[in-house]
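[1] Take this sequence and fold it.
(chains A, B, C and D)
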Number of protein chains: 2
Amino acid sequence: MDTENGTRWLSDEEQAAWRAHLYVSRLLMHQLERDLQPFGLTNNDYEILVNLSESKDHRMRMSDLATATLQSKSRLSHQITRMENAGLVRRVNCESDRRGLFAVLTDHGWKTMREVAPHHVASVREHFIDLLSPEELKALHESLAPVAKHLRTTRAK
Amino acid sequence: MDTENGTRWLSDEEQAAWRAHLYVSRLLMHQLERDLQPFGLTNNDYEILVNLSESKDHRMRMSDLATATLQSKSRLSHQITRMENAGLVRRVNCESDRRGLFAVLTDHGWKTMREVAPHHVASVREHFIDLLSPEELKALHESLAPVAKHLRTTRAK
DNA sequence: CTTCATTAGTTAATCTTTCAACTTCTTAGG
DNA sequence: CCTAAGAAGTTGAAAGATTAACTAATGAAG
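    Numbering: from 1, shown residues only, chains lettered A, B, ... in the order given. You can find the predicted model right below:
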């Protein structure tokens, strides 16, 4: 398996699997983005709506939201500003920690979420879930779990 | 499986698998980017170097390169300009079609590629390939192949 | 209490990506 | 040939992302 200078290059099968993963994840994101476009949302917008929708009182602290969505504080701050301008979300001060802010879903944000979610799920099904058998999906999940764990711990960031 | 308004929501297992995929692909790209950083390259830079390195005469037409890397012509044009400024690549006119341009690897680009590739492969192994058994990898690849095919045909773009 | 390191979040500057308009060249039809 | 449609690529402006510097509040240690 090893070669010349000691590098363990990828075998053909490894290479092919790796490139398939790259290809699928890129194109998939692209396709989901396209399917959200008619609703005036980006993947980023949608992810934030999901997180807030699933949170108690439809609100999250900026930091927690940044962590949950794997974004930097700065990026999230800009993102929330945009979504605030779009009326999807608003900032609310935190009583217990006066440095802190909540991002809170507005009525319009919640309504948008309820309206768009079915289309988004359909999109995820069409371009991913329904193309795999339940067994394949389970295997995929189980294979990915250790990778996820590794990456989670690796990013001391 | 179906519910209320006729939407086929994701089952718990589907949801978990889907989110694992999202999580892994995002964090993985991030990690690879970080590992390339010491060499002054981005994932984008690297991908272009790979494509040119594997091409005859280390050159590709701009359009083909854009297609191969799934980027818009415009984005590629900017990208190549930056890489040209970094001395990794240069533009060369095409004889047979005078609208056309080749992106060509410079000596420095080729040298950079040879130097960085082993580290990048190590990175891909550490954060992905070596975390999966050969069987898992094969299964993953086989599961993803139809998805890739679907996405390729779907994007009339 | 006071000090100081840390945490929460924003902001300005810079870099990258996207979008639409544009130029130049090729090619298919008449 | 001549013309019009399409392809190859670039460009400038606008939107989004990143980086580093900054403000303000918290909280632990003396």
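[2] quick one: which helix or strand includes the closest residue to residue A:136 other than its chain neighbours?
    Among residues not flanking residue A:136 along the chain, residue B:143 sits closest, at 4.4 Å (CB to CB, 6 or more residues apart in numbering or on different chains). For the C-beta atoms, the positions are set from N, CA and C on the backbone; glycine is no exception. Secondary structure assignment for residue B:143, by DSSP states H and E: helix B:134-154.
[3] ok, back up a step: report the contact partners of the residue nearest to residue A:136.
    A:132, A:136, A:139, A:140 (CB atoms under 8 Å, 6 or more residues apart in numbering or on different chains).
[4] again, only using 6 Å
    By CB atoms under 6 Å, 6 or more residues apart in numbering or on different chains, residue B:143 lies in contact with A:132, A:136, A:140.
[5] Kindly give the local confidence score, pLDDT, for the first one.
    The confidence metric pLDDT takes the value 98 at residue A:132.
[6] Kindly report the same for the one 5 residues further on.
    According to the per-residue confidence, residue A:137 scores 97 in pLDDT.
[7] Now do it against residue B:19, distance only.
    12 Å (CB to CB, to the nearest Å).
[8] now do residue A:49
    15 Å.
[9] Which one of the two is surrounded by more residues?
    Higher neighbour count among residue A:49 and residue B:19: residue A:49, with 24 against 14, using other CB atoms under 10 Å in any protein chain shown.
[10] Find the nearest non-adjacent residue to the more buried one, please.
    Per CB to CB, 6+ apart, closest to residue A:49 is residue A:113, 4.6 Å.
[11] do you know how far the one you found is from DNA strand C?
    21 Å (CB to the nearest atom of the strand, to the nearest Å).
[12] what's around that residue, how many residues?
    20.
[13] Which helix or which strand is home to it?
    helix A:107-127.
[14] which residues in chain A form helices?
    In chain A, the helices defined using DSSP state H lie at A:12-36, A:43-53, A:62-68, A:73-85, A:107-127, A:134-154.
[15] do the fourth one and DNA strand C meet?
    The one in question is helix A:73-85. Yes: against DNA strand C, helix A:73-85 shows contacts by CB under 7 Å from any atom of the strand at A:73, A:74, A:76, A:77, A:78, A:80, A:81.
[16] before we move on, back to that, what does the pLDDT read for the residue nearest to residue A:136?
    98.
[17] can you tell me which residues contact residue A:117?
    So residue A:117 contacts nothing (CB under 6 Å, 6+ apart).
[18] what about the residue minimising distance to the centre of chain A, distance to residue A:65?
    By CA atoms, centre = their mean, the mean C-alpha position of chain A lies nearest to residue A:47, the distance being 5.4 Å. According to CB to CB, residue A:47 stands 10 Å off from residue A:65.
[19] same question, residue A:103
    6 Å.
[20] More neighbours: which of the two?
    Taking neighbours as other CB under 10 Å, residue A:103 and residue A:65 compare with residue A:103 leading, 28 against 24.
[21] Roughly how far does that one sit from chain B?
    For residue A:103, the distance to chain B equals 20 Å [CB to the nearest CB, to the nearest Å].
[22] Make sure that residue is actually in contact with residue A:80.
    Yes: using CB atoms under 6 Å, residue A:103 is in contact with residue A:80, at 5.3 Å.
[23] can you list the residues of chain A near chain B?
    A:7, A:9, A:14, A:16-17, A:20, A:23-27, A:70, A:118, A:121, A:129, A:131-132, A:136-137, A:139-141, A:143-144, A:146-148, A:150-151 (CB under 6 Å from any CB of the partner chain).
[24] Buried ones among those residues?
    A:14, A:16-17, A:20, A:23-25, A:27, A:70, A:121, A:129, A:131-132, A:136-137, A:139-141, A:143-144, A:147-148, A:150-151 (16 or more other CB atoms under 10 Å in any protein chain shown).
[25] Got phi/psi on residue A:94?
    Main-chain dihedrals, residue A:94, degrees, to the nearest 10: phi -100, psi 130.
[26] Take stretch A:15-29, keep the C-alpha atoms, and write them as CSV.
    This file holds the C-alpha atoms of stretch A:15-29, laid out as CSV (Å, rounded to 0.1, in the frame of the first residue of the first chain):
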residue,chain,number,x,y,z
GLN,A,15,-10.0,7.5,-4.0
ALA,A,16,-13.3,6.7,-5.7
ALA,A,17,-15.2,6.6,-2.4
TRP,A,18,-13.6,9.9,-1.3
ARG,A,19,-14.4,11.7,-4.5
ALA,A,20,-17.9,10.4,-4.4
HIS,A,21,-18.4,11.8,-1.0
LEU,A,22,-17.0,15.2,-2.0
TYR,A,23,-19.1,15.3,-5.2
VAL,A,24,-22.3,14.4,-3.5
SER,A,25,-22.0,16.7,-0.6
ARG,A,26,-21.2,19.7,-2.8
LEU,A,27,-23.9,19.0,-5.4
LEU,A,28,-26.4,18.2,-2.7
MET,A,29,-26.0,21.5,-0.9
